[in-house]
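> fold the stuff below for me.
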Amino acid sequence: MIRSFYNYYISGEKELARKLNDLLGFTPKNIRLFKRAFSHKSLNSLADQNTKYSSNERLEYLGDAILSTVVAEYLYKKYPIKDEGFLTKMRSKIVKRKSLNLIADRMGLDLILSDYSQGKMSQSMLGNAFEALIGAIYLEYGYNRTRDYIIKSILMQHINMHELEEYDDNFKSRLLEWAQKSGRSIEYKLVAKTKLHKRDRFKVAVLIDGNTIASAEDFNKKSAEQSASSQVINKLDIKTA
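Reported below is the predicted structural model:
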């Protein structure tokens, strides 16, 4: 309590402490830990330059595991008669990179991330910072409080479960199903692999019967395939059940 008071009113990091209080609803005691959550290595982080692990990668790793566990537990209790396949799909929709990027954007994490980074931010960096933030909350407050925060402040405020139930965002699966029913051949071809902000970036093309229909780029190959598949479905106006 005293440390949180100090961080909010007296500390040299009081500006960050106040932003975190507005964001989280509480002021962290270990402000350096939360500062690191917004330090992405590809943006030449300004935070904790002399620390061995100065980026948010380790916190991101931890937060990813905690988030997946909490979401799995939440869905298990929320849908007591649904099978494993349904629960797995729902969890995947919630914790996938695109969803986390959107949640982080809605929360306004970019306002903090930009304070401790140099260079151009990508959408995926927002999702990374969000996972790192979850990791920081867990280290400071433990599992129960982190679980309560995720459920009350993330799942209940930023996720519409009913819409998610109805929405099929596996565009690649839908496209492959259409191709099988239509007797068409589908091929996913890696067109290029480049570096952007020290990260691998993949460009994937979708070919139907040997002809390139669409292509997309992303830091994750599977995400690029999904984006390209979505383009094909829209371009050809493909209707799937």
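> pull out the buried positions in stretch 147-162.
Neighbour counts over stretch 147-162 (16 or more other Cβ atoms under 10 Å) mark 147, 149, 150, 151, 154, 155, 159 as buried. For every residue, glycine as well, the C-beta is placed using N, CA and C.
> so how many other residues sit close to residue 64?
Residue 64 has 19 neighbouring residues, counting by other Cβ atoms under 10 Å.
> that one belongs to a strand, doesn't it?
No: secondary structure assignment places residue 64 outside any strand; it is helix (DSSP: H, G, I helix; E, B strand; the rest coil).
> re earlier: of the buried residues of stretch 147-162, closest to residue 174?
Proximity of the buried residues of stretch 147-162 to residue 174 (Cβ to Cβ) peaks at residue 159, which lies at 21.9 Å.
> and the gap between the closest one and residue 91?
Taking Cβ to Cβ, to the nearest Å as the measure, residue 159 falls 11 Å from residue 91.
> centroid-nearest residue for this protein?
Nearest to the geometric centre of the chain sits residue 100, at 2.9 Å (Cα atoms, centre = their mean).
> that residue against residue 127, yeah?
Yes: counting by Cβ atoms under 8 Å, residue 100 touches residue 127, with 3.5 Å between them.
> which stretches of the protein form strands?
Assigned by DSSP state E, the chain shows strands spanning 186-196, 199-208, 211-218.
> okay if I get the ones you listed as JSON lines plus distance to residue 134, mean pLDDT and mean neighbour count?
Supplementary listing: those in JSON lines, determined by distance: least, Cβ to Cβ, whole Å; pLDDT from 0 to 100; neighbours: other Cβ atoms under 10 Å:
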{"stretch": "strand 186-196", "distance to residue 134": "25", "mean pLDDT": "91", "mean neighbour count": "13"}
{"stretch": "strand 199-208", "distance to residue 134": "21", "mean pLDDT": "90", "mean neighbour count": "18"}
{"stretch": "strand 211-218", "distance to residue 134": "23", "mean pLDDT": "92", "mean neighbour count": "17"}
